[in-house]
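Asks: what follows is a predicted protein model with its sequence.
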Amino acid sequence: MKPPQTIDCHAAATRLYEYLDGELTAEVEAAVRAHLADCAVCFKLCEFEEAYLAFLRARTQAKAAPEHLRRRVFERVLYDKDRTESE
């Protein structure tokens, strides 16, 4: 297996979201990983972006409506449907 290609800070930062999302080819991922292992500044940036993405995921999780509300909505939809069909 050949050693990963070397990349600079700009290239690593440009590919950071793709890296965190697992969207890079194995070769480019290895290059970014190697750069992050050697560059404290980029490693800190990666940690920040990873925390930011986790924060966004946590804030955008869909929460189910309470059972009583779902039942009321469902009953209303059925009521409106029945009323429309009988007219």
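Replies: Looks like it arrived, so ask away.
Asks: tell me the contacts of the closest residue in space to Glu50 that isn't next to it in sequence?
Replies: With sequence-adjacent residues excluded and distances taken as C-beta to C-beta, 6 or more residues apart in numbering, Glu50 is closest to Leu20, at 5.8 Å. For glycine as for every other residue, the C-beta is placed from the backbone atoms N, C-alpha and C. Contacts for Leu20 (C-beta atoms under 8 Å, 6 or more residues apart in numbering) come out as Cys46, Glu49, Glu50, Leu53.
Asks: surely Val32 is in contact with Arg15?
Replies: Yes: look at Val32 against Arg15 with C-beta atoms under 8 Å: they come within range, at 5.4 Å.
Asks: how close does Leu53 get to Lys63?
Replies: 20 Å (C-beta to C-beta, to the nearest Å).
Asks: what about those two, which has more around it?
Replies: Regarding Leu53 and Lys63, a neighbour count based on other C-beta atoms under 10 Å identifies Leu53 as having more, with 13 against 5.
Asks: can you list phi and psi of the more buried one for me?
Replies: phi -60, psi -40 (degrees, to the nearest 10).
Asks: what's the answer for the one 10 residues further on, then?
Replies: Comment: the main-chain dihedrals of Lys63 come out as phi -110, psi 140, following degrees, to the nearest 10.
Asks: quick one: it from Glu75, how far?
Replies: Distance, Lys63 to Glu75, by C-beta to C-beta: 21 Å.
Asks: same deal with Glu47?
Replies: Separation of Glu47 from Glu75 (C-beta to C-beta): 49 Å.
Asks: for Ala62, same thing?
Replies: Counting by C-beta to C-beta - Ala62 and Glu75 are separated by 22 Å.
Asks: which one of these two has more residues nearby?
Replies: A direct count of neighbours by other C-beta under 10 Å for Ala62 and Glu75 places Glu75 higher, at 10 against 5.
Asks: for the protein, just list every one of the helices.
Replies: When secondary structure is read from DSSP state H, the chain shows helices at 9-14, 16-20, 26-38, 40-59, 67-86.
Asks: for the first one, which positions count as buried?
Replies: Taking 16 or more other C-beta atoms under 10 Å as the basis for neighbour counts, the residues of helix 9-14 that come out buried are Ala11, Ala12, Ala13.
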